[in-house]
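Asker: have a look at this prediction, sequence included:
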Amino acid sequence: MIYFQDLIAKLSEYWAKKGCAILQPYDMEMGAGTFHPATFFGSLGKEPWNVAYVQPTRRPTDGRYGENPLRTQHYYQYQVILKPSPDKAQDLYLDSLRAVGLDLKKHDVRFVQDDWESPTLGASGLGWEVWMDSLEITQFTYFQQMAGVSLEPISCEITYGLERIAMFLQGKHDLFELEWSKGLKYGDLRKGHEVEYCHYNFDQSDTDMLKRLFEIYEKEAMRLLEETPTHKPLIFPAYEYTLKASHVFNMLDARGVVSVNERPTYIARVRNLAKRCAQSYIDVSLRGGTK
Amino acid sequence: MTTKIRRARNDAEADVLFEIGTEELPATNLADLFESAGENLLEARIKKILEEHRLSYGECKVFATPRRLVFWLTSVPAAQAAKEQLIKLLPKEEAYSADGKPQEKLLVILQKRGASISDVRLSDLGGKPYVFIKKKEPQAPVTQVLPEVFKTLLKTLPFPKKMKWGIRWEDGSDFSFPRPVRNLLCLYGNKPIRFKVGTLHVSNRTVIFLKSDRKSYAVKDVPSYFKFLKAKGIILDPKKRKKKIKEELEKLASLLGGRLYDDPFLLNEVCFLAESPDYVSAPFDKEFLKLPLEVLTVSMARQQRIFGLLNKKDEVSPYFLAVLDGRATAQEKKLISRNYGSILHAKLKDSLFFYKEDTKVSLEKKREDLKGLIFLKGAGSMLDKSHRLVNLVKQLKDEFCLPKETQDSLERAAALCKSDLLTQMVGEFPELQGVMGRCYARDSGETEETALSIGEHYLPRTVQDRLPKTLAPSVLSILDKCDLVVACFGLGLEPSSSFDPYGLRRSASAIIKITLKQRIHFSLGRVLETAKKELSPFILKDKEPQLIPRLGDFFKDRFKAVLSEGGHTREDLIEAVLASGFDTLHATRVKLHNLSTVIHQASFTEAAKVVERTVNILKGSKEPLPDRADPSLFTEELERQVYAEYERTRDSILEAVRSGDYAFATSLYAKAFFDILGRFFEKVFVYAEDVNIRRNRLALLTAVKNLYTEKIADLSKIRLSPPV
C-alpha cells in the first residue's frame, strides 16, 4: 500500500534528486500553490529557480459538505516550479508518476489543452490538464505572464492533485477513503473539518465582517507598498495582505453575496495589489536589493 | 484540398516530408483549422511559401494529430524553378552608335553585370527604345531551399494563440508555437535534410509517444515514414481518423442496443485528442437518469470528452462511450473504463448537487437578483431586460395574434427566461442557459408552454442551429433579439463591415428566419418601434431620430441575404420586391414566391417595361406634381384612354393584391397598360410646353407607375433580358 504520506515523500524524493529545493507549505490560506511566494515571486526574474512543495489549498466554493468523492473545499496540491523550463519537462513529469508507483501503461494518460489564467494574480500560461482515465490529476503550465509581467525565462509549473493521484495508487473511488498512513484514513483527518467548513463557508460566515476585512487588508497592503522618504516598500508583508484579501473575496463569493457586477471589481482590486507587489519586487531586484 | 498537376515521373524528383513534432497541440485549434469551411489555412500557408521559393510539386497534403503536423509534397524537383528577369540598362541611342555598333558605355555595364552582348534585348518603354538584359535568377538546389521553407513555415503558421518555451531563432527572437516543438524531421526522398532551429536539430528522426512512452526512430525515406506510423496504429489524416472514430463508436453503440448521441463538436475535438484511437464503453448508475438529457450529455462531453448513448425512444441510456489514445488490451480497457465510470459518477453527483441547490430558490425569486447582472453596458441589467420583455409581450400580443392562453404563458416566460443565468448549473455549463430555465420552470409547475418558451428563446444559438418549434417560443425569441438589436443601435454599437461583436447580423437573420418558418404575421416596424419605446431611457439622444430608418436598412440587408440563401430566387426580383416595402416579412416572401412563378411570362416582362418606361420618363421631372391627374386638362385622346384604363383596372388590381394574387395583378396591369402606353409614348410628347398640361401628364404616369410599385414591386430594378 502506498499511503498518502508516502506519495508526498516519494514526490519530494524524486524532485530533490532532479535538483529541486524542497520547500514547506506557506502558512496562510490560499486558492492554489501558485499563490505561494516561492512561485509568485520565484517565477519573476532571470535566475534559475527549481523548487517543490506541498501546499494545502482552499477553494470555498468547491465544498460539497464532504458528500462528493472528488470535490472538497480544502485539499493538498504538490507544486513544482522549474525555471527555466527544461526540454524534457513532460517526461520528467511522467517519470515522477512512475516514481510514485503508477503503471502508466495501464492508464489512459492525456494532455488536454488548458489556457490557464489566474485573474486575481494577473497570471497566464499555456499547457494542459493532465488526465488519467479522464480525471484531471495535474495542471501543467508554461507560465507566460505573472502579475501582468511577461516572463523571461519561462517557468514550467506542475501542480499535482495529491488526493486524486493517491486514489489511483490505492484503487479508491472516494478521497475520504484514502489511507493517509497505516490505520488512518484521509476521512478520519479531514471529513469533520470539511463538513464544518462547508457550513461555515456557505451558510454561517459573517459577510459584513468579511467585507470589512477585505477593505482593511487592501488598505494595509497599499500602505505597505507606499514608498516614502522614510519607508521602503515592505513587499512580502504587503503580499501577505494581498493573499488575505484574496481569500476573503473567495469566502464572500462562496456565500453568494458578491453580485455578478461586483465580481470583476473585487478581482481587479486583488490583481492590482498583486501587480504592485510584483512591480516593487522587480524594482528592488533591479537595484540589487534582497530577494 | 489537393492540387494535382499530372507530370511525367522524373528521376530528378522526390517527395518532401516536413514533420513538426510537438507536445500536445490544442485540439480545438486543430479542429477549427481542419473542420472550417473553405481552404485549409495550413495548406494555404505552405503553398504560398513554396511559391515564394519557386519550388514546384505534384500534390500537397497536410495532416495533423495531437503531436505532429505533417506536410507532404510529391514530385518535388531537385532545384528551384527557373526565373528570368528583364533589367533595364539604358536608352538604345546611348547604347549603340548610329550604325548599330555597341558603344563602350554598354560594354562596361554588361561587364559589370556579368552579362554578354548576346543577353541584350531591345524593347520600347514609353515609346522610346531601351536596352535590357535578361538575367536568370540562380536556381538553388532543393536541399538548400527546404531549410528556408521549413523555417518560414514554422514562423508563420496561422495559429490563434502561441507561446514561448525558451527556444530562440538565430536573430534572438523567440520561437513561438501553440505548444512546444520538440522534434523536427525533414526528408527529401531518402535524403535527410539536416539543419538547426535554435537548439533543435532537424533530422530524419520521428518521435512516437504512446501510452506515456516516448521513443525516437530514424526514418529511411518518405514511404517508410508513413508505413512506420501506420504500424504504430497512428492515423495521420484527420479526416480518416474522424471517420474511423465515428464508425467504431457507432459500432459500440449498436452493440449496446442504442445509438450514439450526436455531438459533432465533441467528435471534432476527440479526433485531435488521439492519434492512435481505441474505444471503451461502460454503464453508469441509473439514478442519474433523472437529470435532463442536455445536462447528462453536456456534463459528459465537457468534463470527460465522452459520448452519451440514446435508446430507441431518443432517451438517454445509462452508458457512455469514450475514445482512448493508444491501443489497450482487453484487460487494460476493463480497468480504464471502470475508472472513467467512477469519475463520471462523481461528476454527475456534482450535477445532481447543482440541480438540488438550484431548485431551492424559484426562478421567480432569482429574478430579483438579475439586477446585479449587466445585460449590456448602457442598456441596464438583466432585470431591466426581463421587464422590457414582459412589456413587449403585453403591448404586442395582438400584433402577433396570440391566443389567450399563449399570452399568459408567454408573459410568464418573458418574466422568467433570464433567471437561470443565476443558477449554479448554468454557472458550470454556460451552454445550458435556457435549457436549465426550461427544466426548473417545469419543476416549479409552470405551464409547458412557458417552460418551452424559456427553453427555446435563445434559439438559434448559431447559424446552423435549429429554430424554435412553436409560436410562443418563436415570439419570445424574436422579442429578445429585437431588444438586443434596437439597444445596440440606440447605443451606437452598430456592426461594422468586418466586426459584429454583439452578433446583430445573426440576430436579425434569426428574427427573419423564425418569422418565415412559423409564418407569423406582424409589422416589423411596429415591433421595432415598441422595442425602441421600451428602451427609450437607455437610447442616446443623438441616435434617436434616425434609429428606425437605420434599423430598416439593416433589416433590409439581412432580409435580402436570407431570401437569396440557396440562390433559388433572382436577386433583382428580391431587390424589386423589397423596394416596395417589407414590413410584414411573411407576406413579402409570399409575394416574392408568387412573382417568381411568373417572372418568365410575357405579362411580367410587359409589366416591367411599363414600370421601367414610366420611371425613366419621370426621372426627368423635378417639379411638384398634382396629387392626381385632372381629366379636364387632357388634350390628347391617348391620355384619356390611359386614364380610363387606370380608372377601370385600379380596383381589380388592388383587389388581386389584397388577396395575395400578385401574379394575377401583374397580368391585369400588363394587359391594361403595355399596349396603350407603348402608343402613348410614341404619340404624346410628355414634356409639353404648357406647365399645367405637362404636370398633368406626369401625374397620370405617376399614378400608373405607383399602382404597381407601391403595392407590389419596383420592377425598374428588374434586369430585362435584351431583345433577341
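Answerer: That came through fine.
Asker: quick check: which ranges of chain A have low pLDDT?
Answerer: Low-confidence segments of chain A, defined by pLDDT under 70: A:288-291.
Asker: in it, which residue sits nearest chain B?
Answerer: Going by CB to the nearest CB, chain B is nearest to A:Ser259 of chain A, at 3.1 Å. All C-beta spots, glycine's among them, are computed from the backbone N, C-alpha and C.
Asker: could you report the neighbour count for that residue?
Answerer: Residues lying near A:Ser259 (other CB atoms under 10 Å in any protein chain shown) number 15.
Asker: how about it, what does it touch?
Answerer: Neighbouring residues of A:Ser259 by CB atoms under 8 Å, 6 or more residues apart in numbering or on different chains: B:Asp369, B:Gly372, B:Leu373.
Asker: could you do A:Tyr239 as well?
Answerer: A:Pro37, A:Phe40, A:Phe41, A:Ala221, A:Ala274, A:Cys277 are the contacts of A:Tyr239 under CB under 8 Å, 6+ apart.
Asker: in space, what's closest to the fourth one - neighbours in sequence excluded?
Answerer: Using CB to CB, 6 or more residues apart in numbering or on different chains and skipping residues adjacent in sequence, the residue nearest A:Ala221 is A:Tyr241, 3.7 Å away.
Asker: next, B:Asp213: phi, psi?
Answerer: Here is the backbone geometry of B:Asp213 (degrees, to the nearest 10): phi -110, psi 120.
Asker: contacting residues for it?
Answerer: A:Leu104, A:Lys105.
Asker: which parts of the helix or strand containing B:Glu612 are buried?
Answerer: Using DSSP states H and E, B:Glu612 sits in helix B:602-619. Burial within helix B:602-619, assessed by neighbour count using 16 or more other CB atoms under 10 Å in any protein chain shown, is assigned to B:603-615, B:617.
Asker: now do stretch B:556-568
Answerer: By neighbour count with 16+ other CB under 10 Å, stretch B:556-568 contains the buried residues B:Lys556, B:Arg558, B:Phe559, B:Lys560, B:Val562, B:Leu563.
Asker: looking at the residues you listed, which are in helices?
Answerer: In helices, defined here by DSSP state H, the members of the buried residues of stretch B:556-568 are B:Lys556, B:Arg558, B:Phe559, B:Lys560, B:Val562, B:Leu563.
Asker: distance to B:Leu363 and pLDDT added to those, as JSON lines?
Answerer: Shown next, in JSON lines, are these (distance: CB to CB, whole Å; pLDDT from 0 to 100):
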{"residue": "B:Lys556", "distance to B:Leu363": "38", "pLDDT": "96"}
{"residue": "B:Arg558", "distance to B:Leu363": "32", "pLDDT": "96"}
{"residue": "B:Phe559", "distance to B:Leu363": "35", "pLDDT": "96"}
{"residue": "B:Lys560", "distance to B:Leu363": "39", "pLDDT": "95"}
{"residue": "B:Val562", "distance to B:Leu363": "33", "pLDDT": "94"}
{"residue": "B:Leu563", "distance to B:Leu363": "38", "pLDDT": "93"}
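Asker: for the nearest residue to B:Pro66 once chain neighbours are set aside, grab phi and psi.
Answerer: Among residues not flanking B:Pro66 along the chain, B:Glu24 sits closest, at 4.7 Å (CB to CB, 6+ apart). According to degrees, to the nearest 10, the main-chain angles of B:Glu24 amount to phi -50, psi 120.
Asker: now for B:Glu24, how many residues are close by?
Answerer: Using other CB under 10 Å as the criterion, the residues surrounding B:Glu24 number 25.
Asker: try A:Asn250
Answerer: Neighbours of A:Asn250 (other CB under 10 Å): 24.
Asker: report how many residues lie close to A:Ala9.
Answerer: Look at A:Ala9: counted by other CB under 10 Å, it has 13 neighbours.
Asker: what strand or helix carries it?
Answerer: helix A:4-17.
Asker: report all helices and strands that that helix contacts.
Answerer: Here helix A:4-17 touches strand A:21-22, strand A:49-58, strand A:74-83, helix A:89-99, helix A:162-170, strand A:179-181, going by 3 or more CB pairs under 8 Å, 6 or more residues apart in numbering or on different chains; DSSP states H and E.
Asker: switch those over to JSON lines; also include distance to chain B and mean neighbour count.
Answerer: Compiled in JSON lines, these are given as follows (distance: least, CB to the nearest CB, whole Å; neighbours: other CB atoms under 10 Å in any protein chain shown):
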{"stretch": "strand A:21-22", "distance to chain B": "21", "mean neighbour count": "13"}
{"stretch": "strand A:49-58", "distance to chain B": "14", "mean neighbour count": "21"}
{"stretch": "strand A:74-83", "distance to chain B": "10", "mean neighbour count": "23"}
{"stretch": "helix A:89-99", "distance to chain B": "5", "mean neighbour count": "18"}
{"stretch": "helix A:162-170", "distance to chain B": "8", "mean neighbour count": "22"}
{"stretch": "strand A:179-181", "distance to chain B": "18", "mean neighbour count": "17"}
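Asker: out of these, flag the one nearest A:Leu252.
Answerer: Checking the helices and strands packed on helix A:4-17 against A:Leu252 by CB to CB gives strand A:49-58 as the closest, at 13.6 Å.
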